[in-house]
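In: This is the structure alone, sequence omitted:
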């Protein structure tokens, strides 16, 4: 919702090039009306945000082909649009979903799904069932932790710091194939680097 998908496609393609193919694009329908209000961006109802995300994912993939794209659409119509550089490889799109509908949306349009730790057990069966019914590989299941406020240490005493291999094994057994931890301070970055070294 914060960026037109054509602009996002070009940003992502550039980042894919400079990162030498390591970009993973996370996307969701947005859930913070205050962010939209602060920037003067409309915050439509859930149904419209879902429809916008589905169309945005289609636009991203079409533009990443590197060919001119003309497509109709209620939100993001394109006419002879081209986005270069063409990303190699095309970045996987991981869709965030914090509800049963969000998990099903991720199964429908994403290359994988991410959710909060407290929702994994409840929503993982929903996600897997939806992917199975669509005949799609469910792809990665990524659990993402909130990172706290900027400038505030959030990882002190975290099991990800104290026992990273053991904590990973616990989440892997629950069905996660990856995790996202946010470090907003130099100290937290140092803690993560040290934990990775002890892994």
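Out: Happy to help now that I have it. None of these values were measured; they are calculated from a predicted model.
In: can we go C-alpha only for contacts and neighbour counts from here?
Out: Noted.
In: Tell me which helix or strand in the chain has the weakest average pLDDT.
Out: Among the helices and strands of the chain, helix 33-39 carries the lowest confidence by mean pLDDT, DSSP states H and E, at a mean of 89.
In: Any buried residues in that helix, and which?
Out: Within helix 33-39, the residues that qualify as buried by neighbour count (16 or more other C-alpha atoms under 10 Å) are residue 36.
In: Name the residues that touch it?
Out: With C-alpha atoms under 8 Å, 6 or more residues apart in numbering as the contact definition, helix 33-39 has outside contacts at 2, 42-43.
In: Could you list the low-pLDDT ranges of the protein?
Out: Low-confidence regions of the chain, defined by pLDDT under 70, span residues 147-148.
In: Walking through it, point out its strands one by one.
Out: Under the criterion DSSP state E, the chain contains strands at 25-27, 69-71, 78-81, 93-96, 112-115, 141-144, 178-180.
In: Make a markdown table out of those and add distance to residue 163 and mean neighbour count.
Out: Rendered in a markdown table, the data for the strands of the chain read as follows (distance: least, C-alpha to C-alpha, whole Å; neighbours: other C-alpha atoms under 10 Å):
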| stretch | distance to residue 163 | mean neighbour count |
| --- | --- | --- |
| strand 25-27 | 27 | 16 |
| strand 69-71 | 49 | 15 |
| strand 78-81 | 49 | 12 |
| strand 93-96 | 27 | 24 |
| strand 112-115 | 22 | 26 |
| strand 141-144 | 17 | 22 |
| strand 178-180 | 15 | 15 |
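In: Write down the beta-bridge partners of the residue nearest to the spatial centre of the chain, one by one.
Out: Central residue of the chain (C-alpha atoms, centre = their mean): residue 26, 2.0 Å from the mean position. In this entry, residue 26 is beta-bridged to residue 94, by DSSP bridges.
In: Wait, it touches residue 96, no?
Out: Yes: counting by C-alpha atoms under 8 Å, residue 96 is a contact partner of residue 26 at 6.9 Å.
In: State the number of residues packed around the residue nearest to residue 128 when sequence neighbours are not counted.
Out: Spatial nearest neighbour of residue 128, chain neighbours left out: residue 138 (6.3 Å); criterion: C-alpha to C-alpha, 6 or more residues apart in numbering. One way to gauge burial is a neighbour count; for residue 138, by other C-alpha atoms under 10 Å, it gives 20.
In: Pull the contacting residues for residue 138.
Out: By C-alpha under 8 Å, 6+ apart, the contact list for residue 138 reads 107, 111-113, 127-128, 131-132.
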